[in-house]
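Novice: Sequence first, predicted model second:
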Amino acid sequence: MRSKRLSAGLLSVAAALSLVATTAMAAPKTVTLWHVFNLDTDMIYGGIEAFNKAQDEYRIEARVVPATSMVTELIKATATGSVPDLATLDNPVVASFSGQGTLTDLSPLVAKSEIVKPGLYFEGPWASAQWQGKTFGVPRDANTLALYYNADMFRAKGLDPDKPPRTWSELRAAAEKLRDPAKNVYGFGFSAIQAEEGVFQFLPFLTQAGGSIDKLDQPEATAALDFLVDMMKAGIISKDVINQRQYEVANTFMAGNTAIAFGGPWELPRMEKEAKFDWRLTLLPVKDDKNIAASALGGYVFVVPKGAKQPEGAFKFIEFMSDPKILNEGWKTGRLAPRTDVKVENPRWPQAYGIYREQMQSAKARGPHPQWPDISKALQTAIQEALTGAKPSAQALQDAAKKIQPILAKTPL
Amino acid sequence: MAKAQQPLLYVFLAIPVTYLVALIGFPVFYNLVMSVQDVNLGNISSMIRPFIGLDNYREVIADPSFRKVFINSILFVGVNVVAQIVIGLSVALFFSREFPGAGLLRGLLLAAWMLPALVVGALWKWIFATEYGLANAALTSLGLVDAGVHWLSDPRIALTSVTIANIWFGMPFSMILIAAALIAIPRELYEAAALDGAGAVARFRYITLPSLTATLLAVACLVTIYTMRAFDLIYAMTQGGPLDASNVLPLLSYQFSFQQFKFGIGSAIGTFSFVIVFVVALVYVRTLKKEAVS
């Protein structure tokens, strides 16, 4: 009896083992993906699940890497030769990787692709993944900045919430009125931190003023920086913005300490939950005498590091994620599609969707340039020097231009 | 007997030596190699990279931000060592009074030291926020300041702010080490001194302090080593800003390597940190030896 049961047991174990062996042989090839999206409502989660179900040639294995350590992790992986097959990179840093030969050239795969067609992409996002005529990545999503404003505060101070500021002078006037030192309320907030985020939030002002990163020594650039310096001096902007990341600026807005703030669409899910007042969005203002609509372009790009074991599988997943059906889901967490053929029907936060879609038209890509971090650092320093009063804006920007111009002389934008 | 043991003793020797060479010697050596090479994202995976001699070091020394950060590091470490020892000693003496619950409270103080540095950094960033921070709320309600202090965004104050946070963070550890040494001082010495008519000050000056000298020196070395490598706390509070006002060498090295992708420069800065820590570690080892002899 006992031995019978034992042999039966052994038999079933053997059967199970052989089952494991056969499934292992037909097992799909693993494609490792590193991404930075920690909201489980992000389109990438549904995408991975659907991709793994839809076919059995490849299987995506994802690892979430915090956005602030993605670059560090990818460098470590590159240095040790154990790279993932696919990663999501913040768009201004892609050129540093592609320009120094650490990414797989996707041009042949793109040429054959039915889904990833360059013509269908917005110019800015697509450009951020190009280097010397080759395609080193495919944009996953896009974002840009717009103005969040507290309509309740507008009403309390006798401003019309249906007529938000459209120009620099209107912005300054409104912010000055909304400022309330007794209640710890600042009129305007943006991130001026010594990091890429600070540059991302300053560039719209620079472009609106008619300036550009290669001409920081021109008066247009000075006008842009002075606009902010003057508002800080007048107490309209908190001095703490030079140490605030973008999400911290959004925090001060949601806490009612900032009346008008720069912010991206990725803040919308949080804003919906945490802002207990009538908040709205409007387009970034234009400079009165220039009338140039401008914003900066953000977003993530799918890249395949050089040395990836499954570049084809990785590209299959990129194609899967570039399907307008999947991209449609992106807006649920405030991610805009990088393609022109995606339009969300009945979007969540319809007012915000309209504003960001429109603002995208004037969103300008950073770089692409392999030495963008150096260029960015020079500008960060200038912004901080001017805002802390260490140097006048013109001087700070001239010093930055002296650092940036030799870089651009060697490798133009 | 002794002879029979000898081969085994060599095995004992080999284990730590292998460990040190593989896990400490190699990274230090690798850092030195990188600091004399031109390292970028493209060639980081291969060991063979253009040799550029001391160019990285020249560039580092010529960089005004490095000079500023070097001085910051010395100030940050110096103030931390002095403050952590003075406060740690005072607190240790306070708890040695053995009032009810003294042991428990002393243990609880250590909780601060056990928190992750990033959490402590986020906490202090909140405390030091100009508008809604606890520090300004307390100071203004006490009438000590009129307007809010820009603890983290004023380049003249930022280093002081991160130093205060780090003292709070590191002090309990120094305090526990000093408290342990205090307990080891024989009670009879104090009783005999009291009989001879020595007051509290004299007892501290002639018994406590001399008995603690070795410990205090050891604590000073440990605090130097710990604060020399401070990274997470400052990263969370200010990222070294504004304008490198609160930056220290390890963070600067990280920024050059992982934000500017100038790995050679980052490594050269790492070498400077290493030399300082190494010298202090030597002093520490010598102190321990002396302590063991006495």
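Specialist: Arrived safely, thanks for sending. Numbering: from 1, shown residues only, chains lettered A, B, ... in the order given.
Novice: In stretch A:69-84, which residues are buried?
Specialist: Buried positions in stretch A:69-84, judged by neighbour count with 16 or more other CB atoms under 10 Å in any protein chain shown: A:70-71, A:73-75, A:77-79, A:83-84. Backbone N, C-alpha and C define where each C-beta goes, glycine included.
Novice: so which of these comes closest to chain B?
Specialist: A:A79 (4.6 Å; CB to the nearest CB).
Novice: re earlier: where helices are concerned, which of the buried residues of stretch A:69-84 count?
Specialist: A:70-71, A:73-75, A:77-79 (DSSP state H).
Novice: Let me have those residues in a markdown table, extended by distance to A:T222.
Specialist: Listed next are these as a markdown table, based on distance: CB to CB, whole Å:
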| residue | distance to A:T222 |
| --- | --- |
| A:M70 | 34 |
| A:V71 | 32 |
| A:E73 | 39 |
| A:L74 | 37 |
| A:I75 | 36 |
| A:A77 | 42 |
| A:T78 | 40 |
| A:A79 | 41 |
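Novice: now, the most widely separated pair of the buried residues of stretch A:69-84?
Specialist: By the measure CB to CB, A:M70 and A:A79 form the most distant pair in the buried residues of stretch A:69-84, at 15.0 Å.
Novice: can you list the domains in chain A?
Specialist: A:29-142+A:299-364, A:144-297+A:371-410 (automatic domain parsing).
Novice: Quick one, grab the pLDDT at residue 276.
Specialist: By default, I'm working from chain A. A:K276 is assigned 93 on the pLDDT scale.
Novice: Chain B was what I was after
Specialist: 89.
Novice: tell me the contacts of it?
Specialist: Neighbouring residues of B:I276 by CB atoms under 8 Å, 6 or more residues apart in numbering or on different chains: B:M228.
Novice: For chain A, see how far away it is.
Specialist: Between B:I276 and chain A the computed distance is 24 Å (CB to the nearest CB, to the nearest Å).
Novice: Could you do B:F256 as well?
Specialist: When B:F256 is compared with chain A (using CB to the nearest CB), they lie 10 Å apart.
Novice: Could you verify my assumption that that residue touches B:K262?
Specialist: Yes. The criterion here is CB atoms under 8 Å, and B:F256 meets it with B:K262 at 4.9 Å.
Novice: Would you agree B:G170 is in contact with B:A112?
Specialist: No. Assessed by CB under 8 Å, B:G170 is found out of contact with B:A112, at 9.0 Å.
Novice: More neighbours: which of those two?
Specialist: Just comparing B:G170 and B:A112: by other CB atoms under 10 Å in any protein chain shown the higher neighbour count belongs to B:G170, 24 against 15.
Novice: Does the more buried one lie in a helix or a strand, and which?
Specialist: Secondary structure from DSSP states H and E places B:G170 in helix B:158-183.
Novice: in the chain, which ranges drop under the pLDDT threshold?
Specialist: All of this is about chain A. For chain A, the stretches with pLDDT under 70 are A:1-26.
Novice: Sorry, I should have been clearer: chain B.
Specialist: B:1-4, B:293-294.
Novice: please redo it, this time with the cut-off set to 50
Specialist: For chain B, applying pLDDT under 50 flags the ranges B:1.
Novice: Give me every residue in it that's in contact range of chain A.
Specialist: Where chain B comes near chain A, counting by CB under 8 Å from any CB of the partner chain, the residues are B:40-42, B:44-45, B:125, B:129-132, B:150, B:152-155, B:238-243, B:257-261.
Novice: Just the ones of these in helices?
Specialist: B:125, B:257-258.
Novice: Which entries within the residues of chain B next to chain A meet the buried criterion?
Specialist: Using 16+ other CB under 10 Å, the buried ones in the residues of chain B next to chain A are B:40-42, B:44-45, B:125, B:129-131, B:150, B:152-155, B:238-243, B:257-261.
Novice: Make TSV from the domains of chain A and add distance to B:P250 to it.
Specialist: Below are the domains of chain A laid out as TSV (distance: least, CB to CB, whole Å):
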stretch	distance to B:P250
domain A:29-142+A:299-364	14
domain A:144-297+A:371-410	17
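Novice: Can I get those domains in a markdown table including distance to chain B?
Specialist: A markdown table is the format used below for the domains of chain A (distance: least, CB to the nearest CB, whole Å):
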| stretch | distance to chain B |
| --- | --- |
| domain A:29-142+A:299-364 | 4 |
| domain A:144-297+A:371-410 | 4 |
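Novice: just to revisit the earlier point, who has more neighbours out of B:F256 and B:K262?
Specialist: B:F256 (26 against 22).
Novice: count of residues packed around the nearest residue to that one once chain neighbours are set aside?
Specialist: Nearest residue to B:F256 in three dimensions, chain neighbours excluded: B:G266, at 4.0 Å (CB to CB, 6 or more residues apart in numbering or on different chains). Here the number of neighbours of B:G266 (other CB under 10 Å) works out to 24.
Novice: Could you report the distance from B:G266 to chain A?
Specialist: In this structure, B:G266 and chain A are 11 Å apart, going by CB to the nearest CB.
Novice: Next: B:F272.
Specialist: From B:F272 over to chain A (counting by CB to the nearest CB), the distance is 20 Å.
Novice: ok, back up a step: mind checking the domains of chain A for the one nearest to B:P100?
Specialist: It's domain A:144-297+A:371-410; of these, that one is closest to B:P100 (CB to CB) at 42.0 Å.
Novice: Now find how far off-centre that closest one is within its chain.
Specialist: 17 Å (CA atoms, centre = their mean, to the nearest Å).
Novice: Ends of it, what's the gap?
Specialist: 29 Å (CA to CA, to the nearest Å).
Novice: repeat for stretch A:52-70
Specialist: 24 Å.
Novice: Let me see the residues that make contact with that stretch.
Specialist: Identification of contacts with stretch A:52-70 by CB under 8 Å, 6+ apart yields A:26-38, A:44, A:48, A:51, A:73, A:84, A:87-90, A:310, A:313, A:316-317, A:320.
Novice: in chain B, which spans are helices?
Specialist: B:2-20, B:26-35, B:55-62, B:64-95, B:102-114, B:117-127, B:134-141, B:158-183, B:187-195, B:200-203, B:209-228, B:232-237, B:249-258, B:263-293.
Novice: next one: the stretch 201-350 of chain A
Specialist: For the stretch 201-350 of chain A, applying DSSP state H, counting those that start in this stretch gives helices covering A:219-233, A:246-254, A:268-274, A:311-321, A:324-327, A:350-360.
Novice: Format those helices as CSV; extra columns: distance to B:R67 and mean neighbour count.
Specialist: Output for those, formatted as CSV (distance: least, CB to CB, whole Å; neighbours: other CB atoms under 10 Å in any protein chain shown):
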stretch, distance to B:R67, mean neighbour count
helix A:219-233, 26, 20
helix A:246-254, 30, 22
helix A:268-274, 41, 16
helix A:311-321, 45, 22
helix A:324-327, 49, 16
helix A:350-360, 42, 18
